[in-house]
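S.K.: Generate a structure from the sequence data that follows.
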Amino acid sequence: MDYTVVNLKLLIDEAGEDAAKSVLSTFCCPLNEDVEAFLRDKAIDFSKQGLSQTHLVMVPQDDRPVLVGYFTLANKYICVPAAPLSNTQKKRIAKFSIFDSHLCAYCLSTPLIAQIGKNYSDDTNKLITGDALLHLACRKVFSIQMDLGGRYAYLECEDKPKLIEFYRRNGFQEFDRRTLDSDETGLDGEYLVQMLKYIKM
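M.R.: Down below sits the predicted model:
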């Protein structure tokens, strides 16, 4: 499939905010209301303010581009506990982080895959797999790191077996848990699983 990744901020700048909202209005994700609500209600403001950048994944269908999914990236400062890491992992992450002896953790700045989801409107989800969408997000992280340095992608997800297995299958490894903030509602459980992937150049 010939996927095109479009930066939402550039779409707003070139086509206008109304045109961008029209594209976003076609997105539907009944499996995760937070993913849908973010794209429809917050993505434009977050992009304009520079809090994060949303990337729309489009495919040509009937001579017009169709939104099949999206992912949102943001910069994140994280601390990875040393205890669960193997010696090989410690040596690898030490190259891109600062070790905090008080926390016994490696602290680093890394791209966060903050949101990711497929569009289920009119069976559009059949035009892309979850693996392909996540691969596009990681490829964008790779592109960013070619300019800025770094080798890791970071994400957080609910502690659900299918989600954990999906991310593991795509090279992510869990390293800790983060307690939900007071404004993080609509999620199952009281914490999110933190996962990290080494991006090979």
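
S.K.: where does the chain dip in pLDDT?
M.R.: Within the chain, the ranges that satisfy pLDDT under 70 run 201.

S.K.: Strands of that one, residue ranges please.
M.R.: Under the criterion DSSP state E, the chain contains strands at 4-7, 53-61, 64-81, 98-100, 105-118, 152-157, 173-179, 191-198.

S.K.: can you redo those strands as JSON lines with mean neighbour count and distance to residue 91?
M.R.: Yep, even glycine has a C-beta here, placed from its N, CA and C like the rest. Compiled in JSON lines, those are given as follows (neighbours: other C-beta atoms under 10 Å; distance: least, C-beta to C-beta, whole Å):
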{"stretch": "strand 4-7", "mean neighbour count": "15", "distance to residue 91": "33"}
{"stretch": "strand 53-61", "mean neighbour count": "19", "distance to residue 91": "32"}
{"stretch": "strand 64-81", "mean neighbour count": "19", "distance to residue 91": "13"}
{"stretch": "strand 98-100", "mean neighbour count": "12", "distance to residue 91": "12"}
{"stretch": "strand 105-118", "mean neighbour count": "21", "distance to residue 91": "11"}
{"stretch": "strand 152-157", "mean neighbour count": "22", "distance to residue 91": "14"}
{"stretch": "strand 173-179", "mean neighbour count": "15", "distance to residue 91": "15"}
{"stretch": "strand 191-198", "mean neighbour count": "19", "distance to residue 91": "12"}
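
S.K.: export those strands to a markdown table and tack on distance to residue 23?
M.R.: Formatted as a markdown table, the strands of the chain follow (distance: least, C-beta to C-beta, whole Å):
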| stretch | distance to residue 23 |
| --- | --- |
| strand 4-7 | 9 |
| strand 53-61 | 7 |
| strand 64-81 | 6 |
| strand 98-100 | 41 |
| strand 105-118 | 15 |
| strand 152-157 | 24 |
| strand 173-179 | 32 |
| strand 191-198 | 29 |
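
S.K.: Select, out of those strands, the one closest to residue 138.
M.R.: Closest approach to residue 138 among the strands of the chain (C-beta to C-beta): strand 152-157, 5.6 Å.

S.K.: got the contact list for the closest one?
M.R.: 76, 78, 93, 96, 108, 110-114, 116, 137-138, 141, 163-164, 167, 172, 178, 192-199 (C-beta atoms under 8 Å, 6 or more residues apart in numbering).

S.K.: go with 6 Å
M.R.: For strand 152-157, the surrounding residues in contact (C-beta atoms under 6 Å, 6 or more residues apart in numbering) are 76, 78, 110-113, 138, 141, 163, 192-197, 199.

S.K.: Ok, stretch 46-62 next?
M.R.: Contacts of stretch 46-62 (C-beta under 6 Å, 6+ apart): 1, 3-9, 43, 65-74, 114, 127.

S.K.: Show me which pair in the contacts of strand 152-157 is furthest apart.
M.R.: Greatest spacing in the contacts of strand 152-157, by C-beta to C-beta: 192 and 199 (21.1 Å).
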